[in-house]
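A.B. asks: Sharing a model that was predicted from the sequence below.
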Amino acid sequence: MSSTTDMAAGRAQIAARTLRTDRWWLPPLLNVAGLGAWVVYATVRAFMQNWYFVPEYNYLTPFYSPCVSNGCVEQAAHFGRFLPDVWWLPYAAISLPFLLLFRLTCYYYRKAYYRAFWGSPPACAVAEPHGKYTGETRFPLILQNLHRYFFYIAALISLLNTYDAVKAFIKDDGSFGLGLGNIILVANVVLLWLYTASCHSCRSIIGGRLNHFSKHPVRYKAWVGVSRLNAKHMQLAWATLASLAITDAYVMCVSAGWFSDLRIVG
């Protein structure tokens, strides 16, 4: 009778929340600190509407790409200016929401913030505080299934970031230039592409709906490569958060005149 009751309850009926004796609470705590700090920094920078572009070297921070507000300086607006210049609208308002949704619906980030902020569950073999579990079958979490479509948009935005990084090699006078800022911009773009390619949706798109890999050797090789990246998806997720913040901070510091760009050529 007791066994039947336990099975109906869904988990072993023990008084303790968990029998784990290790520091299981540390990873969710670090995730709260890391994700929270990044969100605060990114939000402040997105709405700052200043120190986002270095005209002399064409350095444009990814937080403001594409810069399409009427408040953008003309040289930074590579694709025109058509959004109103108001304080509550980021200069890159056509890209930032989709990038946010791409990250929010990412399989790794879902695990990270479900555990860190919602405690659902906070760790393996640790009871969650919620009375019931409905998964991602109800609004708003059912919208997590749109991740694949946000992946497509994120890939297009990565192309824009790549364009920005390449354009930064041409100085305002039309001559070639190379500085530390260029290296940072390119490194950030490479990491963004690796993170995007390591996405579970990308892996599914490349290798999904195939019954025989032997009949699709090109897709199989691509799937193997993406699968190797997918194994590093968590590390790439954090690496890109760091690279985005570092890239933005560097462009901000040079744009504000706090220090000069370290030039290698030109």
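C.D. replies: In hand now; what should we look at? The shown structure was predicted, so the numbers you read here are calculated from the model rather than taken from an experiment. Numbers count the residues shown, from 1 in each chain.

A.B. asks: does residue 183 sit in a helix or strand, and which one?
C.D. replies: For residue 183, the element it lies in under DSSP states H and E is helix 180-197.

A.B. asks: Tell me the buried residues in that helix?
C.D. replies: Neighbour-count burial for helix 180-197, counted by 16 or more other CB atoms under 10 Å, picks out 181-182, 184-186, 188-189, 191-197. (Glycine included, C-beta is placed from N, CA and C.)

A.B. asks: And residue 148, which helix or strand is it part of?
C.D. replies: For residue 148, the host element (DSSP H and E) is helix 147-167.

A.B. asks: follow-up on the earlier one: which helices and strands sit right next to the helix holding residue 183?
C.D. replies: helix 147-167, helix 217-230, helix 233-256 (3 or more CB pairs under 8 Å, 6 or more residues apart in numbering; DSSP states H and E).

A.B. asks: can you pull out the strands in the stretch 51-200 of the chain?
C.D. replies: Using DSSP state E, counting those that start in this stretch, the strands assigned to the stretch 51-200 of the chain run over residues 53-54, 59-60, 178-179.

A.B. asks: Residue 34 is nearest to which of these?
C.D. replies: Checking these against residue 34 by CB to CB gives strand 59-60 as the closest, at 25.7 Å.

A.B. asks: Next, find the distance separating the residue most central in space within the chain from residue 89.
C.D. replies: By CA atoms, centre = their mean, the chain has its centre lying nearest to residue 103, at 4.7 Å. As for residue 103, its distance to residue 89 is 20 Å (criterion: CB to CB, to the nearest Å).

A.B. asks: same question, residue 156
C.D. replies: 21 Å.

A.B. asks: Just put the strands of the stretch 51-200 of the chain in TSV and tack on distance to residue 96 and mean neighbour count.
C.D. replies: As requested, these are exported to TSV (distance: least, CB to CB, whole Å; neighbours: other CB atoms under 10 Å):
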stretch	distance to residue 96	mean neighbour count
strand 53-54	16	24
strand 59-60	14	29
strand 178-179	26	19
